[in-house]
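Visitor: Coordinates only, no sequence provided:
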């Protein structure tokens with residue numbers, strides 16, 4: 001969908017570039033080096049239109065105000081960035097947002113909304129390696145950009161957001177790519193009776209005129225835009241201690257707090273189990289956010305990781321532990337794989353989902369809970385998955401070579417588990433565990449590629465695993481499984497191919513942990 005194009009021009013630009021360069025801070029005077037327009041893509045292999053070049057974002061400060069009468073959101077995002085080249089123009093990702101004003105270094109800037117880009121022309125050229133403040137004022141209509149095609153989840157009393165994989169820029173202007181992680185602060189103003197919630201920890205609550213309250217949060221670790229969570233509604237905060245003093249907080253619909261308590265009470269045990277395998281939890285807090293909506297079209301996933309909070313459909317969490325525990329573990333694993341270490345491109349998604357399903361299934365089978373196929377061991381599930389390997393490669397491509405239509409197919413989930421299982425079979429459980437810890441430590445608070453994982457695995461295992469892992473990740477045929485020479489792959493049947501009916505979105509319900 002195309003949104004209207006709006007063009008403005010700062011007054012300084014109208015009287016000539018030379019005159020404009022004589023005004024304002026000398027730090028932003030025209031450099032002698034060649035100037036450029038920043039690239040409007042970061043070249044992602046799955047979403048080539050996402051992201052922007054010419055700078056890296058250092059921080060975002062989001063200031064939102066929700067009006068329940070109009071159900072609209074007024075927002076201001078202040079972005080601190082560092083240029084990587086001299087820029088006469090640069091862009092942010094933005095879609096479906098009504099942009100009111102843009103300022104660069106405090107001066108009005110020209111801006112133009114074209115497709116999914118907000119093109120910004122500052123009053124004067126930005127030099128390379130400069131720290132620059134960009135402020136964008138805008139308004140948003142959550143109902144207009146609601147999930148699954150937009151990043152907003154509309155609830156009877158407010159909203160939540162779901163930016164994964166390519167929808168954060170329908171919530172706020174940003175450099176919407178997981179490789180450009182940044183610090184975040186949030187301020188959410190709501191009328192009395194509602195609560196504003198965001199990632200990280202609550203740092204300030206302000207009582208304002210007009211019976212309003214502003215809630216401010218800060219995320220202690222850098223975050224990818226797709227992991228931002230912003231929630232408004234009638235929620236209560238339930239706190240409990242986690243392992244080693246980790247503070248846990250759940251954001252729960254007030255009217256459903258008692259009914260959801262049995263599921264919420266599982267989190268400390270889940271964290272403890274996973275810390276024994278992946279090390280200390282990497283953030284300042286964790287908890288669940290059962291979104292205050294059970295509408296079937298509210299969002300097209302059961303659970304979605306956002307940094308320090310996991311968004312859920314409430315009714316899912318009302319089931320017995322054996323029905324939800326494995327998937328709760330899946331979402332918790334994303335705190336390590338996906339959040340602390342983000343995918344450098346969306347083609348690296350298997351690192352997130354493969355690991356989440358791997359540990360989620362281990363947790364399930366350790367407790368003797370049968371999976372959706374009726375299987376009760378990892379070996380049995382991997383034998384079944386192995387037999388499907390060539391069919392999945394035919395239907396969805398190799399594990400590490402997705403496209404926008406099949407990004408969230410089985411191949412990235414349990415297909416990714418099969419790769420990790422094969423690696424563990426080859427190098428042994430102890431060495432595999434060492435690989436996992438080394439990878440998480442090396443890329444904590446940053447982003448990593450599939451090749452980065454291969455390199456860490458080879459270094460820790462003290463053998464070149466590049467050929468082995470590339471065959472598993474990029475090959476068109478399923479390799480032999482180490483330790484199981486008797487396992488066979490079912491020949492491809494083209495008539496079994498399931499057509500893709502999506503061009504992107506979440507589709508987490510292909511997880512084997514459900």
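Guide: Structure received. Since we're looking at a predicted model, the values are computed, not measured.

Visitor: nearest residue to residue 461 other than its sequence neighbours?
Guide: Take residue 461 and drop its neighbours on the chain: the residue closest to it by CB to CB, 6 or more residues apart in numbering is residue 427, 4.7 Å away. To be clear about C-beta, it is placed using only N, CA and C from the backbone, and glycine gets the same treatment.

Visitor: and the one you found, how many neighbours does it have?
Guide: Residues within reach of residue 427, counting by other CB atoms under 10 Å, total 22.

Visitor: How much space separates it from residue 464?
Guide: From residue 427 over to residue 464 the distance is 12 Å, taken as CB to CB, to the nearest Å.

Visitor: Look up phi and psi at the closest residue to residue 130 other than its chain neighbours.
Guide: Leaving aside its chain neighbours, residue 130 sits nearest to residue 83 (5.0 Å; criterion: CB to CB, 6+ apart). Torsion angles at residue 83 (phi, psi; degrees, to the nearest 10) stand at phi -70, psi 150.

Visitor: Next up, the contacts around residue 259.
Guide: Neighbouring residues of residue 259 by CB atoms under 8 Å, 6 or more residues apart in numbering: residue 318.

Visitor: where does it land in three-state SS?
Guide: Classification of residue 259 by DSSP: H, G, I helix; E, B strand; the rest coil places it in helix.

Visitor: swap in residue 137?
Guide: Using three-state DSSP, the secondary structure recorded for residue 137 is strand.

Visitor: where does it land on pLDDT?
Guide: Looking at residue 137, its pLDDT reads 98.

Visitor: mind listing what it touches?
Guide: Applying CB under 8 Å, 6+ apart to residue 137 gives the contacts 75, 76, 99, 100, 101, 102.

Visitor: let's see 7 Å
Guide: 76, 100, 101 (CB atoms under 7 Å, 6 or more residues apart in numbering).

Visitor: Make CSV from those and add pLDDT and secondary structure to it.
Guide: Formatted as CSV, the contacts of residue 137 follow (pLDDT from 0 to 100; DSSP: H, G, I helix; E, B strand; the rest coil):
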residue, pLDDT, secondary structure
76, 98, strand
100, 98, strand
101, 98, strand
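
Visitor: Just the buried ones among those residues, please.
Guide: Buried residues within the contacts of residue 137, counting neighbours by 16 or more other CB atoms under 10 Å: residue 76.

Visitor: show me where the chain has helices.
Guide: For the chain, applying DSSP state H gives helices covering 11-14, 17-20, 257-264, 267-278, 321-333, 349-366, 378-387, 389-396, 414-427, 429-442, 450-461, 466-474.

Visitor: okay if I get those as JSON lines plus distance to residue 40?
Guide: Shown next, in JSON lines, are the helices of the chain (distance: least, CB to CB, whole Å):
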{"stretch": "helix 11-14", "distance to residue 40": "20"}
{"stretch": "helix 17-20", "distance to residue 40": "22"}
{"stretch": "helix 257-264", "distance to residue 40": "43"}
{"stretch": "helix 267-278", "distance to residue 40": "37"}
{"stretch": "helix 321-333", "distance to residue 40": "33"}
{"stretch": "helix 349-366", "distance to residue 40": "23"}
{"stretch": "helix 378-387", "distance to residue 40": "39"}
{"stretch": "helix 389-396", "distance to residue 40": "29"}
{"stretch": "helix 414-427", "distance to residue 40": "31"}
{"stretch": "helix 429-442", "distance to residue 40": "31"}
{"stretch": "helix 450-461", "distance to residue 40": "25"}
{"stretch": "helix 466-474", "distance to residue 40": "29"}
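
Visitor: With respect to residue 175, which of those helices lies nearest?
Guide: Comparing the helices of the chain by their distance to residue 175 (CB to CB), the top pick is helix 349-366, with 18.9 Å.

Visitor: Name the surrounding residues that touch the closest one.
Guide: In this structure, residues lying in contact with helix 349-366 by CB under 7 Å, 6+ apart are 273-274, 277, 325-327, 329-330, 333-334, 337-338, 343, 371, 376-378, 381, 399-400, 402, 407, 412-414, 416-417, 419-420, 450, 453, 511-513.

Visitor: now the angle from it to helix 429-442?
Guide: Counting by axes from the mean of the first three to the mean of the last three CA atoms, to 10 degrees, helix 349-366 points 130 degrees away from the direction of helix 429-442.

Visitor: Show me what counts as buried in helix 349-366.
Guide: Using 16+ other CB under 10 Å as the test for burial, helix 349-366 gives 349-365.

Visitor: Could you do stretch 124-135 as well?
Guide: 124, 125, 126, 127, 128, 130, 132, 134, 135.

Visitor: Just give the closest residue to residue 468, not the sequence neighbours.
Guide: Nearest non-adjacent residue to residue 468 (CB to CB, 6+ apart): residue 426, at 6.5 Å.

Visitor: neighbours around residue 252, how many?
Guide: Neighbours around residue 252, by other CB under 10 Å: 25.

Visitor: ok so, going back, count of neighbours near the residue nearest to residue 468?
Guide: That count, for residue 426 with other CB under 10 Å as the rule, works out to 19.

Visitor: Please apply the same query to residue 240.
Guide: Neighbour count for residue 240, taken as other CB under 10 Å: 14.

Visitor: For it, name its beta-bridge partners.
Guide: Beta-bridge partners recorded for residue 240 (DSSP bridges): residue 248.

Visitor: wait, it sits on residue 249?
Guide: No. Between residue 240 and residue 249 there is no contact under CB atoms under 7 Å: 8.2 Å.

Visitor: Please identify which of the helices of the chain is closest to residue 216.
Guide: Per CB to CB, nearest to residue 216 of these: helix 257-264, 23.8 Å.

Visitor: Let me see the mean pLDDT of the closest one.
Guide: 98.

Visitor: got the buried residues for it?
Guide: Applying 16+ other CB under 10 Å to helix 257-264 flags 257, 260, 263, 264 as buried.

Visitor: dump the residue contacts of the third one.
Guide: With CB under 7 Å, 6+ apart as the criterion, the residues that contact residue 263 are 317, 324.
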